[in-house]
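S.K.: sequence-free structure coming up:
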Ligand code: HEC
């Protein structure tokens, strides 16, 4: 047991050290988009290409809408087509949506875009959309 203690301590530190965005990702997104954001080809799109999306015109707003309102309909990501349904996550707070997207962008998409703020999330929350309308607002990024 004594020899195990340092490991238990380190595991605890690791859990504590996870950023709020990383924790939110494991709890809400990982089951579909996978631990490293690579998705499952044909079923769940990857999140590794999102730097292109966030840098495109309207891309920041689109990413916030996907999380708040979900997404439904055909889209092409990195040459693969998807026609699934992503559920909405309206229950997350503005701050949580911002933390979550910033984690995804920085970690999986290696994006240097300026971080998404809780104010930007609040602005999109004031304009509810259907998951199909969210898809129509996607910037034309393949
Ligand atoms: C139940 C499975 C599921 C969960 C959980 C889920 N997603 Fe999705 N996600 C999908 C599917 C399916 C699509 C594609 C929808 C379509 O085909 O229209 C998608 C699409 C996306 C897209 C659009 C990518 C693009 O290039 O336009 C983003 C961004 C995204 N998800 C982020 C997230 C985040 C962040 C979370 C956690 C809050 C999350 N997803 C949770 C299934 C899921």
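M.R.: Right, received. Where do you want to start? Being a predicted model, the structure only gives us computed values, none of them experimental.
S.K.: Unless I misread the structure, residue 81 falls within a strand.
M.R.: Yes: checked against DSSP: H, G, I helix; E, B strand; the rest coil, residue 81 lies within a strand.
S.K.: so residue 112, which of the three states?
M.R.: Three-state assignment for residue 112 (three-state DSSP): coil.
S.K.: wait, what's in contact with it?
M.R.: residue 51 (CB atoms under 8 Å, 6 or more residues apart in numbering). C-beta: built from backbone N, CA, C; applies to glycine.
S.K.: what's the pLDDT at it?
M.R.: The model reports residue 112 with a pLDDT of 95.
S.K.: Now do the helices in this structure.
M.R.: Here the chain has its helices, by DSSP state H, at 5-17, 20-28, 30-33, 50-55, 59-69, 94-107, 118-125, 131-136.
S.K.: Other residues contacting the longest one?
M.R.: So that's helix 94-107. 19-22, 24-25, 28-29, 37, 47, 50-51, 54, 63-64, 67-68, 89, 92, 111, 113, 115-122, 125.
S.K.: which bits of this structure sit near the ligand?
M.R.: 28-29, 31-33, 44-45, 47, 53, 63, 66-67, 71-73, 75, 77, 82-87, 89, 100, 104, 135, 138 (CB under 6 Å from any ligand atom).
S.K.: ok, 5 Å please
M.R.: 28-29, 32, 44-45, 66, 71, 73, 77, 82, 84, 86, 89 (CB under 5 Å from any ligand atom).
S.K.: Let's see if you can find the most crowded of these.
M.R.: Most neighbours among those, by other CB atoms under 10 Å: residue 45, with 25 neighbours.
S.K.: That one and residue 75 touch, don't they?
M.R.: Yes: in this structure, residue 45 is within contact of residue 75 by CB atoms under 8 Å, at 7.3 Å.
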